[in-house]
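**Q** My questions are about this predicted structure, shown below with the sequence.
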Amino acid sequence: MNAHTAPFPMAAAAHAPPSRSSTGLRWLLPAATLLLLCFLVPVAMLLVRSVTEPSFGLQHYRELVGSWTYLRVLGNTFLVASVVTVVAVVIGFPVAWLMAVLPRGWAQLLMNILLLSMWTNLLVRTYAWMVLLQRTGFINQTLLKWGWIDSPLPLVNNLVGVTIGMTYIMLPFLVLPLHGTLKALDPSILRAAAVCGASRWQAFRRVLVPLAAPGLASGALMVFVMSLGYFVTPALLGGTSHMMLAELIAQLVQSLLNWGLAGAAALVLLAVTLGLYALQLRWFGLASKGR
Amino acid sequence: MLLDFDRMGRPLRATLVGIATLTSLFLLAPIVFIVALSFGSSQWLIFPPPGWTLQWYRDLFADPGWLEATWASVRIGLLVMVLSVVLGFLTALALVRGSFPGRAALKALFLTPMVMPVVVLAVALYAMFLKLGLTGTLFGFVVGHLVIALPFSIITIGNALEGFDFSLEDAARICGASEWTVKWRVTLPSLRLGLGAAAVFSFLVSWDEVVVSIFMATPGVETLPVRIWAALRQDLSPVIAAASALLIGFTLLMMLLAAALKKRNR
Amino acid sequence: MTSASADPADAFLSLRGLRKTYGSAVAIDNVSLDIRRGEFMTFLGPSGSGKSSTLYVVAGFQDPTEGSVMLERRSLLGVAPNKRNIGMVFQRYTLFPHLSVADNIAFPLRVRKVPDATLRTKVAAMLKLVHLEGYGHRMPGELSGGQQQRVAIARALAYDPPLLLMDEPLSALDKKLRDELQSELRRIHQETGVTILYVTHDQEEALRLSDRIAVFNAGRIEQVGTGAELYERPATRFVAGFIGNSNFLPVHVAAVNGGVAELTLPNGQRLASSRLHCAARPGDDAALMVRPDRLRLDDPMQPGGDDNVGVDVQVRDLSYLGDSVQYAVSTPWQQELCVRQPLAHADAMRWRIGDHARLCWQPSRAQLYANA
């Protein structure tokens, strides 16, 4: 479950009353210790192992980009993340748009449906898709019954199933921030565009899209980055022959005990993730982070 | 006019409503589906089910493994909740009120676990705890979940602190209250809502946490999500559907509670 | 009350029998009005009076339940707002925040596919018109409220619309800015000759800007006319109270002879005569309206002149307003009235609080309204 709340803005210096604690640093210590010992150190150790095990050097990285198997995993990961992002945008934009203009009751209903889906346990949602997409599952049975197909489609244990499942999971993460952006727009700006003579399409292209762009880009970036590093859904719906990066790392550790390569893959994932978030920070500012 | 529901033109409005309706069905269908199947009598989860039964629920409650896993999740969740709120409060207090260099950088650092892919954290912790022999222990789970839950806690409590007027503390001090009394009787009660929200968030984060738990688990000690994960790797037994339906019910309960609380605070 | 000529085709903008209902609520109740080409017409009224709703019907953002709107002899009903070629300025500026000032003004020209060279000339001309030369590259967020509103006006006029609608455009500005922009508006109106339809609840603004004013109340137009007509001869009690300051004395109609009424004040005093402004019958209660600047304070023992009516009052309060003095006086029947005397008047400053005086006015300056 991911409950996203906006990070708080820094208390302005003007708010500093005389009783400000100058020893505030001391209160940070417990959490800082936890963070250091149980987060920074382990992760650093893992990343270090990528260049020290079994011997010193960058051979794991060479292996990652040299071996066809691993390249395929990287490729799959980026492919799925891209498709999921595009589909989420195509479906999510109209939904967020409608939610922003609907009267209160209906908008609340849509919101509740989104929240229910988002807050339902991830495994439960993935399991539901495993059941729906299996050979004897509801979707295949219905398509067979209507005569649209002759034999059941392979919808699980491949990238199709992963994409469907991931889109399902990621959709609320795009709609919610985008809805916030659209709702904050003043409707009279669009009315002004109409009075100026713009047709609906011109108003959409020249006014609505540019104004929605920050929320949309921010949501899309978040969906893309999350999809890159996602573990549960691709692992369950993709099967072992269509692995994505997160599951690769897990397999390397649990089955193959190849810590060095796992560390290298983790570094790659981490670098891309943090890099994209840094880009987002620079373009859209701190307010959109964590939404 | 594109943002006026009744003036955007019929074709556009119909398209938006159509897409939204289909999407709503898309979002709801799997959930409804699983709940329905949990009462269905088909072993292979055929829909529509040939008959109705409560057998899967009986199997679920009869299996001690499920109950133990649930109980483990509850224990871990409560521990994480308490620790997360306490640590989160101290940290948020320092970040909001303290004056020391590098506050912005430290704040970003504390929020890092939130943006990092969980699998990296899970594997890293697994490596370390393996060496220390801490896998499969309550401690391991709690620590792992705590690292993930803490940023949410810091943010929630931080927001509440931002909205708190600290001159109330000064007023209490002038009245003669000790530092402890100030915090206990003035600050904390005002932050009730933020602390409560942080507690609930932290519990739910721990309750739903899958990836770190998978690596922390041993055959003897597992949380509920781990048990579901393991079961899913084997087959799609309807007992899982029963467990899922119960979890869905739990989510609905949480949503209704949140709505009721919001209404009360209005 | 309407100002409609016999043939709607003669007028530049003609509203006929407009009605807008939401279920049982009536927003516009049978509004008919003719607006002349080049006129500055203001819709004045309190909130909820239907003035904005009528404007939005002309703009095309609301469809009337009944009635017609004709601009230059063509009906506007059923025409989408973006095809009406009308300019509009909104209350909250509504500039496109992602476009520069120049691009905001150029927007309506770009959607009309105006060639670039013409576009640039026009934008420059518009910036010059609103006195914002050199601001073209700035973003709306960098401008003050007054500047943003000027850009909005420039954008609305960029495509030379025959009609400019303005929905309380100055209400978000402070007093000083508002005065400044009001002068700007009059200048722009004179320079361009565009027909302006202006909505406001500020009667002072309406008087300052308009050629004619339509006073709205509860969905209907109570009176249309120039500022002078509305001030000197308000047709209804509402208009009398809404425009300018007014005192309403409760009177009783003793008798009616021809077009003149004999009235009794609450203290029993008889009033010589009053022009009738309504269908008052003997025995009715009515209200006699006199403007504060039409009242005069005289020596208490002075008998009324041939023409004047006099009531004994006591001065309760006085305020020095720079160009005039305002007195609050209380009548024998415990009503507080407002008297305003210009300082140029020799006697203006002679009264003190507690003084007894005689309140006088010319009957022809008072208006009688029914107590409906």
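**A** Looks like it arrived, so ask away. Numbering: from 1, shown residues only, chains lettered A, B, ... in the order given.
**Q** any idea which helix or strand carries the closest residue to chain A within the stretch 101-250 of chain C?
**A** Using C-beta to the nearest C-beta, C:P108 is the residue of the stretch 101-250 of chain C that sits closest to chain A, at 3.7 Å. For every residue, glycine as well, the C-beta is placed using N, CA and C. C:P108 is part of helix C:101-111, with elements assigned from DSSP states H and E.
**Q** ok, A:S50 touching A:H60?
**A** Yes. At 5.4 Å, A:S50 and A:H60 qualify as touching, with contact defined as C-beta atoms under 8 Å.
**Q** Give the residues shared as contacts by the two.
**A** Residues touching both A:S50 and A:H60 (C-beta atoms under 8 Å, 6 or more residues apart in numbering or on different chains) are A:260-261, A:263-264.
**Q** can you redo the residues you listed as a markdown table with distance to B:A177 and secondary structure?
**A** Converted to a markdown table, the shared contacts of A:S50 and A:H60 look like this (distance: C-beta to C-beta, whole Å; DSSP: H, G, I helix; E, B strand; the rest coil):
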| residue | distance to B:A177 | secondary structure |
| --- | --- | --- |
| A:G260 | 58 | helix |
| A:L261 | 59 | helix |
| A:G263 | 53 | helix |
| A:A264 | 57 | helix |
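**Q** Buried only: go through those residues for me.
**A** Buried members of the shared contacts of A:S50 and A:H60, counted by 16 or more other C-beta atoms under 10 Å in any protein chain shown: A:260-261, A:263-264.
**Q** rewinding a little: if you count neighbours, what's buried in the helix or strand just after the helix holding C:P108?
**A** Moving toward the C-terminus from helix C:101-111, the next helix or strand (DSSP H and E) is helix C:116-129. Residues of helix C:116-129 classed as buried by neighbour count (16+ other C-beta under 10 Å): C:119, C:122-123, C:126-127, C:129.
**Q** how big is the angle separating helix C:116-129 from helix C:101-111?
**A** Between helix C:116-129 and helix C:101-111, the angle comes out at 130 degrees (axes from the mean of the first three to the mean of the last three C-alpha atoms, to 10 degrees).
**Q** counting contacts, what elements does helix C:116-129 pack onto?
**A** Contact partners of helix C:116-129 among helices and strands, from 3 or more C-beta pairs under 8 Å, 6 or more residues apart in numbering or on different chains; DSSP states H and E: helix C:101-111, helix C:145-157, helix C:175-192.
**Q** The same query, at a cut-off of 7 Å, please.
**A** Where contact means 3 or more C-beta pairs under 7 Å, 6 or more residues apart in numbering or on different chains; DSSP states H and E, helix C:116-129 is packed against helix C:101-111, helix C:145-157.
**Q** List, one by one, the residues from the stretch 101-250 of chain A near chain C.
**A** For the stretch 101-250 of chain A, the residues in contact with chain C (C-beta under 7 Å from any C-beta of the partner chain) are A:186, A:188-189, A:191-192, A:194-199, A:202, A:207, A:210-211.
**Q** Show me how to select, in PyMOL, the buried members of these.
**A** The following PyMOL line selects those of those that are buried, judged by 16+ other C-beta under 10 Å:
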select buried, chain A and resi 188+189+191+192+194+195+196+197+198+202+207+211
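**Q** nearest to chain B, of the residues of the stretch 101-250 of chain A next to chain C?
**A** In terms of C-beta to the nearest C-beta, no member of these lies closer to chain B than A:A194, at 4.7 Å.
**Q** Pretty sure that closest one sits against A:F204.
**A** No. Judged on C-beta atoms under 7 Å, A:A194 makes no contact with A:F204 at a distance of 11.2 Å.
**Q** Considering only the buried ones among the shared contacts of A:S50 and A:H60, which also neighbour chain C?
**A** Answer for those near chain C: none qualify (C-beta under 7 Å from any C-beta).
**Q** residue ranges for the helices of the stretch 51-200 of chain A, please.
**A** Taking DSSP state H, counting those that start in this stretch to define them, one finds helices in the stretch 51-200 of chain A at A:59-66, A:68-101, A:104-119, A:122-133, A:138-145, A:159-183, A:187-195, A:200-203.
**Q** Could you do chain C as well?
**A** Here chain C has its helices, by DSSP state H, at C:51-59, C:101-111, C:116-129, C:145-157, C:175-192, C:203-209, C:227-232, C:237-242.
**Q** Please name the residues that touch C:R178.
**A** C:L170 (C-beta atoms under 7 Å, 6 or more residues apart in numbering or on different chains).
**Q** For chain C, which helix or strand comes out least confident on mean pLDDT?
**A** strand C:270-275 (a mean of 71; mean pLDDT, DSSP states H and E).
**Q** Run a quick neighbour tally on C:R294.
**A** Look at C:R294: counted by other C-beta atoms under 10 Å in any protein chain shown, it has 17 neighbours.
**Q** circling back: does chain B sit close to the helix holding C:P108?
**A** No. Judged by C-beta under 7 Å from any C-beta, helix C:101-111 makes no contact with chain B; its nearest approach is 13.9 Å.
**Q** Using CSV, list the CA coordinates for that helix.
**A** Provided in CSV are the C-alpha atoms of helix C:101-111 (Å, rounded to 0.1, in the frame of the first residue of the first chain):
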residue,chain,number,x,y,z
VAL,C,101,1.5,38.9,-22.3
ALA,C,102,2.1,39.2,-26.1
ASP,C,103,1.0,35.6,-26.6
ASN,C,104,-2.1,36.1,-24.5
ILE,C,105,-3.1,39.0,-26.7
ALA,C,106,-2.2,37.1,-29.9
PHE,C,107,-4.2,34.0,-28.8
PRO,C,108,-7.5,35.0,-30.5
LEU,C,109,-5.6,36.1,-33.6
ARG,C,110,-3.7,32.8,-33.7
VAL,C,111,-6.9,30.7,-33.5
